[in-house]
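*Asks:* got a structure for you, letters missing:
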């Protein structure tokens, strides 16, 4: 049978009873067939198997609700078994309106999660969480059902007038491309461009077992070879998720978070080698396959890609970081914090952090990664410690510190997070920042300094300063460079990393102002006729051939090599609102709004000023559409933006671990207080 065809719940003892009432009862959003034939219990193997069967129009009323029980404020468990984790009970209750009867399925569940290797804390106890098996040997965590209600009105949480109460209980039909487009923030006029964008965004939605779980990368009707653009990318879905959340539609985001969590730590391999536990996939695809031995019956299967099918076969470093960031955004916007309190979600956060915080050979607090491990997913000379990953890493650490439940199994992890935040913020602010003052300092660096008191700690040779930078950097602005390694500074301006440094407060208040000052001063270079350049300047001539390997898609001023990406608007908008300069964002969004609809919402633009649609750009690119919608809604309701950014963390500033001795230069962590 195909992978993902059934879910088995391991138990220490056979279930004493299983009672399923109601012909149309449903579990995991999938109707059970008559007489409960799709639920099989094998007492000898102590497993309950649930098949997700697909028939025409059979998914019309089911809903999965998250785990909500909290017995102790510092400990979340699945059932009312107190401290007896090994014998904990899970209740699957199925309300049946008919005759006012109720049915339930009660099973003893053994708590037996996979072992977690953690260099920053003790190994998690084996009997801490539920273990669920996907047939074929892949381990995933469960979608815990508190209750499943039959009947459409109950399932979608409508009030007396039949209106949806909130986004977390939205009707599945609203995600149909044929559905009427609802106006964000009711009572506010929505332009025709926005209505078109909403229609296209809804048309990109992917369903799994009858429920929306994400949006495909692009829906270009003329694309005969979609490659992986017909998949749901974690990175690409973030602006789509924010658009839905800001519009009061949280169900699709919740489903996405839970189902991608199920895919975490699959043992996918490249040349017989498995990646680290806790890795999140770059993308996944929903496939419908026939059930073996069951004529006319099908099942939905999630097929993830951990990099084994990607360009260059590089595992995504940013997927897990974006997942954590989106999880926080979901809770902040919807007010539903029960999702992040679930034990399986807490485990997922811990696994991602353990993977990122594992001790290794690297001496720096930044993450060491290869080319192609983030939004720039091709060879572009960003291997090492690229800014984009460090900004996302810093954000994910801050999110995790907010969301993690502190107990005996996580206290050491929380300590590691605090220490890393402190070291990372100092490292980035001190060594990645470049302005005119820092340029003069680098220009006069002494080299070959071996002592611990060295000023030029990375042995940077002044001749590395590129000629274009001397005249380009403004007097009143600055930015974080793209990369820093021994004897190497990548002075290119990378937009995503700099914007996200502002959003996350990785940069100080003064540095954040400097970044926006630079963008405004160099508007013709970084924004031009289509916001925004992914990096500046482009690699050209021999440098392009050497660094990119002669990549024909990354020719100068195209794609990742200086191309213009409209999806970056939402992050630019968020940064501008945070710094009290929304007029810059309005100017950029206005430029994009004039062209995107007529150009059919392309993925990226080419040329130095972004005048041409990218030569290989997909049309109706979903994150272009979602980036525009999210920007418009943030500008319309700027108070919502405060839920998505971070202010300066003074606790981090107090934890100085830089080891500077008295009498030397003042630590930037202390100096930062006067800059905020």
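*Replies:* Cool, the structure landed. Keep in mind it's a predicted model, so treat the numbers as computed, not measured.
*Asks:* Only C-alpha atoms from now on, for both contacts and neighbour counts.
*Replies:* Noted.
*Asks:* for residue 256, what are its contacts?
*Replies:* 212-214 (CA atoms under 8 Å, 6 or more residues apart in numbering).
*Asks:* what mean pLDDT does the helix or strand hosting it have?
*Replies:* Assigned by DSSP states H and E, residue 256 belongs to helix 251-263. Helix 251-263 carries an average pLDDT of 97.
*Asks:* Use 40 as the first number for this chain going forward.
*Replies:* In the new count, where the first residue is 40, that last one comes out as helix 290-302.
*Asks:* Next SSE downstream of that helix?
*Replies:* strand 322-329.
*Asks:* Now do that next one against helix 290-302, angle only.
*Replies:* 90 degrees (axes from the mean of the first three to the mean of the last three CA atoms, to 10 degrees).
*Asks:* Give me the buried stretch members for strand 322-329, please.
*Replies:* Across strand 322-329, burial judged by 16 or more other CA atoms under 10 Å covers 322-325, 329.
*Asks:* among the contacts of residue 295, who's most crowded?
*Replies:* residue 253 (31 neighbours; other CA atoms under 10 Å).
*Asks:* isn't residue 623 right up against residue 616?
*Replies:* No - applying CA atoms under 8 Å as the test, residue 623 and residue 616 come out as separate, 9.1 Å apart.
*Asks:* more crowded one of the two?
*Replies:* residue 616 (22 against 18).
*Asks:* Burial check on residue 688, number of neighbours?
*Replies:* Look at residue 688: counted by other CA under 10 Å, it has 15 neighbours.
*Asks:* Give me the distance between it and residue 455.
*Replies:* Between residue 688 and residue 455 the computed distance is 16 Å (CA to CA, to the nearest Å).
*Asks:* try residue 569
*Replies:* Counting by CA to CA - residue 569 and residue 455 are separated by 41 Å.
*Asks:* Please apply the same query to residue 504.
*Replies:* 36 Å.
*Asks:* circling back to that earlier point, can you pick out the residue with more neighbours from residue 569 and residue 455?
*Replies:* Neighbours per residue, other CA under 10 Å: of residue 569 and residue 455, the larger number sits with residue 569, 30 against 19.
*Asks:* what's near enough to touch the more buried one?
*Replies:* 603-605, 627, 630-631, 644, 648-650.
*Asks:* For those, could you give me CSV that also reports distance to residue 417, secondary structure and neighbour count?
*Replies:* As requested, the contacts of residue 569 are exported to CSV (distance: CA to CA, whole Å; DSSP: H, G, I helix; E, B strand; the rest coil; neighbours: other CA atoms under 10 Å):
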residue, distance to residue 417, secondary structure, neighbour count
603, 16, strand, 33
604, 16, coil, 26
605, 19, helix, 30
627, 27, helix, 23
630, 28, helix, 16
631, 26, helix, 19
644, 17, strand, 28
648, 22, coil, 21
649, 20, coil, 25
650, 23, coil, 14
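*Asks:* Could you report the neighbour count for residue 448?
*Replies:* Residues near residue 448, counting by other CA under 10 Å, number 16.
*Asks:* and residue 541, how far is that from residue 565?
*Replies:* Residue 541 is 17 Å from residue 565, by CA to CA.
*Asks:* In what element of secondary structure is residue 340 found?
*Replies:* strand 337-344.
*Asks:* go on, residue 668?
*Replies:* For residue 668, the host element (DSSP H and E) is helix 661-675.
*Asks:* Can you name the residues in contact with stretch 588-600?
*Replies:* 415, 417-419, 573-574, 577-579, 583-584, 587, 601-603, 643-647, 653-655.
*Asks:* hang on, I meant stretch 511-529
*Replies:* Around stretch 511-529, the neighbours that count as contacts under CA under 8 Å, 6+ apart are 421, 423-427, 467, 470-475, 497-500, 503, 530-533, 536-537, 550, 552-557, 560.
*Asks:* Among the residues you listed, which are located in helices?
*Replies:* 426-427, 475, 536-537, 550, 552-557, 560 (DSSP state H).
*Asks:* So which of those is the closest to residue 379?
*Replies:* residue 427 (25.0 Å; CA to CA).
*Asks:* So the residue lying closest to residue 496 once chain neighbours are set aside, which state does it fall into?
*Replies:* Spatially, and ignoring its direct neighbours in sequence, residue 496 is nearest to residue 488 (7.4 Å; CA to CA, 6 or more residues apart in numbering). Three-state assignment for residue 488 (DSSP: H, G, I helix; E, B strand; the rest coil): coil.
*Asks:* Residue 488 and residue 467: what is the separation?
*Replies:* Distance from residue 488 to residue 467, by CA to CA: 21 Å.
*Asks:* How about residue 289?
*Replies:* Distance, residue 289 to residue 467, using CA to CA: 34 Å.
*Asks:* Please identify which of those two sits among more neighbours.
*Replies:* Taking other CA under 10 Å, residue 289 and residue 467 do not tie; residue 289 has more neighbours (24 against 21).
*Asks:* quick one: the more buried one and residue 369 touch, right?
*Replies:* Yes - with contact defined as CA under 8 Å, residue 289 counts as touching residue 369 (7.4 Å).
*Asks:* picking that back up, out of the ones in helices among the contacts of stretch 511-529, which is nearest to residue 312?
*Replies:* residue 427 (26.7 Å).
*Asks:* Tell me the spacing between the closest residue to the closest one other than its chain neighbours and residue 618.
*Replies:* Nearest non-adjacent residue to residue 427, counting by CA to CA, 6+ apart: residue 536, 4.0 Å away. Plainly put, residue 536 is 16 Å away from residue 618 if you go by CA to CA.
*Asks:* Same drill for those two, tell me which one is more crowded.
*Replies:* Taking neighbours as other CA under 10 Å, residue 536 and residue 618 compare with residue 536 leading, 23 against 15.
*Asks:* thought the more buried one was touching residue 428?
*Replies:* Yes - between residue 536 and residue 428 there is a contact under CA under 8 Å: 7.5 Å.
*Asks:* Pretty sure residue 486 sits against residue 496.
*Replies:* No - with contact defined as CA under 8 Å, residue 486 does not count as touching residue 496 (9.0 Å).
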